[in-house]
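Asks: sequence first, then the predicted structure, then my questions.
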Amino acid sequence: DVLGSRGLGDVYKRQIIYSAIYLPRIKKGHTMKLNIKLTAAILACASILTSACACSSQNTSSATDSKNESSAAESSAAESKDNTKSDTTSDNSSASSESTVSSDESSSENKKPVGVDGVQTNGQLVVDIDGHTWGISLYGGGDGANYASYLNEFKEKVGSSVNVFNMVVPTAGAYYLPEGYEKYNASHRDSINSIANKLVNVINVDGYAALEAHTNEYIYTRTDHHWEPLGAYYAAKAFCEMAQVPVKELSTYKTETIEGFVGTMYAFTDYNERIKNDPDTFTYYIPSTDYTATYYTTDFKVDEQFTQFHSIFVDQPASGAYSTFMGGDQKIVKIETANKNGRKLCIFKDSYGNAEVPFFIDSFEEIYVCDIRYFDLYAPDFIKDNGITDVLFTMCTFSAVGENAEGIKNNLLSK
């Protein structure tokens, strides 16, 4: 009822949405304390609310651009089955108020698409590109110093016998922001390079370049802040090549399609009718290699609700198409495959990483899928106890430079 109330001011509605649904979980037990603080802020004044939920603009420090990721966005906020955290939080201080943005600087000679009627709402850009409406998250930037330091610490703890990889990927704004809107968006490439330059004994995978080579293909969804599984395939392939494990061509996968997909951008843009009225198509791929999936709780106990379920694909309504992968994030999933090559992969990810998982089934003997926000074990011991040979940290830029990076320190590296 609160979310549907049109009488609330935009700032109040935005803060209620974030505090109730998208608030990142830093450590179990802290959410209530944070919600109390946010409620007090709501009652205090709108200016406090705005600063509390805003990501940093290009001119602010990386510390303030951390209101970012929440994998709640597996479906639209109103219809999500799993009220988890999002991969891009919506407010950039450079674009937090609604305004119409001119694209007069565009011309037919530009390589970038020409946007029509660009409108900013809650740090999201709604723009028509090539006859379709896109919702694009505007990125506040950040150097990812904390994220890199946590990966370095993790590598020190697991030792030389475990390969540790990093693959941070951009969101759609890195490639599809129309000409004339650049001043509202920081550079994803700069953040990814900054992280890579700070890593010590951690193998970096250039997910940015892997995706950039295929921007003429449909690698991001228009109505959701996630990527299309096709984009995840190209990133996963780049990782497998770096890890020197086999990777199959996309033609070997069975293709499934969900029509009528209206994802998180509908809620992120304050229920913009243009997005609702131009639904997307969500296409995902099923591997041919035999496998069995077992679902566990975040402390690695068998989840009794999923004991009869052994697929990584979960049927979803069109609004929750991205939750097709394992049904969301608040779990650990162990995948045993027909490949007997001795390679065991642990994925530490945000919800972006979910779409990569099907493409690793052809490459590893065992796979453990864990979310950096929902993990209640000491990760170095988990790696040792399960004989894991390879660890991949994979997430979008919003997570790597924002508060969700703290989940690595608090949820993975703390006993």
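Replies: Sure thing, it's come through.
Asks: where in the chain is pLDDT low?
Replies: When residues are selected by pLDDT under 70, those of the chain lie in 1-117.
Asks: helices of that one, start to end?
Replies: Listed in chain order, the helices found in the chain under DSSP state H are 10-17, 31-44, 46-53, 145-158, 173-176, 188-198, 207-212, 229-243, 265-268, 273-276, 379-385, 397-401, 406-407.
Asks: with residue 350 as the reference, name the closest of the ones you listed.
Replies: Nearest to residue 350, of all the helices of the chain, is helix 397-401, at 4.3 Å by C-beta to C-beta. (Glycine included, C-beta is placed from N, CA and C.)
Asks: then the closest one to PDB, C-alphas only?
Replies: Listed next in PDB are the C-alpha coordinates belonging to helix 397-401 (Å, rounded to 0.1, in the frame of the first residue of the first chain):
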ATOM      1  CA  THR A 397      30.800  -2.300 -11.300                       C
ATOM      2  CA  PHE A 398      28.100  -0.900  -9.000                       C
ATOM      3  CA  SER A 399      28.800  -3.800  -6.500                       C
ATOM      4  CA  ALA A 400      32.600  -3.600  -6.800                       C
ATOM      5  CA  VAL A 401      32.800   0.100  -6.000                       C
END
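Asks: share the number of residues neighbouring residue 130, please.
Replies: 10 (other C-beta atoms under 10 Å).
Asks: any idea how far it lies from residue 300?
Replies: In this view, residue 130 and residue 300 are 46 Å apart by C-beta to C-beta, to the nearest Å.
Asks: now do residue 147
Replies: Separation of residue 147 from residue 300 (C-beta to C-beta): 24 Å.
Asks: first-to-last residue distance for stretch 155-163?
Replies: 8 Å (C-alpha to C-alpha, to the nearest Å).
Asks: oops, could you answer that again for stretch 130-144 instead?
Replies: 34 Å.
Asks: circling back to that earlier point, of the helices of the chain, which is nearest residue 252?
Replies: Among the helices of the chain, the nearest to residue 252 by C-beta to C-beta is helix 229-243 (11.4 Å).
Asks: for that closest one, packing partners?
Replies: Applying 3 or more C-beta pairs under 8 Å, 6 or more residues apart in numbering; DSSP states H and E, we find helix 229-243 packed against strand 163-169, helix 207-212, strand 280-286, strand 390-396.
Asks: show me what the last one is packed up against.
Replies: If contacts are counted by 3+ C-beta pairs under 8 Å, 6+ apart, strand 390-396 sits against helix 145-158, strand 163-169, helix 229-243, strand 344-349.
Asks: am I right that residue 368 is in contact with residue 349?
Replies: No. In this structure residue 368 lies outside contact range of residue 349 using C-beta atoms under 8 Å: 10.9 Å.
Asks: ok, and the closest non-adjacent residue to residue 352?
Replies: residue 396 (4.5 Å; C-beta to C-beta, 6 or more residues apart in numbering).
Asks: now swap in residue 220 and tell me
Replies: Closest to residue 220 by C-beta to C-beta, 6+ apart is residue 172, at 3.9 Å.
Asks: so what's that neighbour up against?
Replies: 134, 136-137, 220-221, 225, 227 (C-beta atoms under 8 Å, 6 or more residues apart in numbering).
Asks: buried set for stretch 176-186?
Replies: For stretch 176-186, the neighbour count (16 or more other C-beta atoms under 10 Å) marks 176-181, 184-186 as buried.
Asks: and it, end to end?
Replies: Termini of stretch 176-186 sit 13 Å apart (C-alpha to C-alpha).
Asks: chain center to it: distance?
Replies: Centre-to-centre, stretch 176-186 and its host chain are 20 Å apart (C-alpha atoms, centre = their mean, to the nearest Å).
Asks: what of stretch 305-317?
Replies: 21 Å.
Asks: now do stretch 316-326
Replies: Stretch 316-326 sits 15 Å away from the centroid of its parent chain (C-alpha atoms, centre = their mean).
Asks: for that stretch, C-alpha coordinates in PDB please.
Replies: C-alpha atoms of stretch 316-326 as PDB (Å, rounded to 0.1, in the frame of the first residue of the first chain):
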ATOM      1  CA  GLN A 316       9.400 -17.700 -13.500                       C
ATOM      2  CA  PRO A 317       6.700 -15.300 -14.700                       C
ATOM      3  CA  ALA A 318       7.700 -12.800 -17.300                       C
ATOM      4  CA  SER A 319       8.300 -10.100 -14.800                       C
ATOM      5  CA  GLY A 320      10.800 -12.200 -12.900                       C
ATOM      6  CA  ALA A 321      12.600 -13.700 -15.900                       C
ATOM      7  CA  TYR A 322      16.100 -13.000 -14.500                       C
ATOM      8  CA  SER A 323      15.300 -15.200 -11.500                       C
ATOM      9  CA  THR A 324      15.200 -18.100 -13.900                       C
ATOM     10  CA  PHE A 325      18.800 -18.800 -12.600                       C
ATOM     11  CA  MET A 326      18.500 -20.700  -9.300                       C
END
